[in-house]
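Asks: Pasting a predicted model and its sequence here:
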Amino acid sequence: MPLTNLLLPTYKNMLRTLSGLLDKAERQVPDQVEGLLSARLAPDMYPLATQLRYAAYQAQEATFRLRGESIPPSLAAVAAEARNAVEVPGSLADARARIDEALSYLDGLADDALDAGEALAIVIELPGGVTFDMTGEQFARDWALPQFYFHVITAYAVLRNQGIEIGKADYVPHMFAYLRPGTLPSA
């Protein structure tokens, strides 16, 4: 499967999922939704505000890497916001704006935008000198998608842990496009 066909629909579906989860939270606890941005699953984990920003960042970051391009300063600023969200969680509107910006950016990419990156040499450098060397295909499969999904599912889990009534259907609403007519059980 070409990388563009794998990554772009995945990123778009799951970013829309995040928007839908925030919609539900806003409807269920309108007076407390801003406080959710500081909620965490564990004391040593980043808060919801960070999870949302990293998901928006990583969906875009992968596309630059797979095209052999540098991360633009505007996108690097989103990563910095994510790292600093413990002290400055921002607002729900800020988080939504980052998700919307990511979706708009992804919508503007060509149908084959990432395909040439399959064999591209990708280097991931982490703090402390840890460095990973991989191909674009390995990067997409073993780094980009797992990292992205980690932040999406962590955001889901934070909301769920904070009492927001969401379930599997809220996590994969894009699946309803494939629903065979007449097979949805009645409530």
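Replies: Received it, and whenever you're ready, just let me know what you need.
Asks: Show me where this protein has its strands.
Replies: 121-125, 131-135 (DSSP state E).
Asks: among these, which is nearest Arg160?
Replies: For the strands of the chain, the distance to Arg160 is smallest for strand 121-125, at 29.8 Å, taking Cβ to Cβ. Yep, even glycine has a C-beta here, placed from its N, CA and C like the rest.
Asks: for this protein, what's the longest helix?
Replies: Taking DSSP state H as the criterion, the chain has its longest helix at helix 3-28.
Asks: re the thing from before, need the strands of the chain in TSV with mean neighbour count, mean pLDDT and distance to Leu179, can you?
Replies: Formatted as TSV, the strands of the chain follow (neighbours: other Cβ atoms under 10 Å; pLDDT from 0 to 100; distance: least, Cβ to Cβ, whole Å):
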stretch	mean neighbour count	mean pLDDT	distance to Leu179
strand 121-125	13	95	37
strand 131-135	13	97	36
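Asks: Glu69: which of these is closest?
Replies: Among those, if distance is taken as Cβ to Cβ, the winner is strand 121-125, at 11.9 Å.
Asks: Dump the closest one to CSV, keeping only the CA atoms.
Replies: Extracted C-alpha coordinates of strand 121-125, given in CSV (Å, rounded to 0.1, in the frame of the first residue of the first chain):
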residue,chain,number,x,y,z
ALA,A,121,16.6,7.4,4.9
ILE,A,122,14.9,8.7,8.0
VAL,A,123,16.9,9.6,11.2
ILE,A,124,15.1,10.0,14.5
GLU,A,125,17.3,11.7,17.2
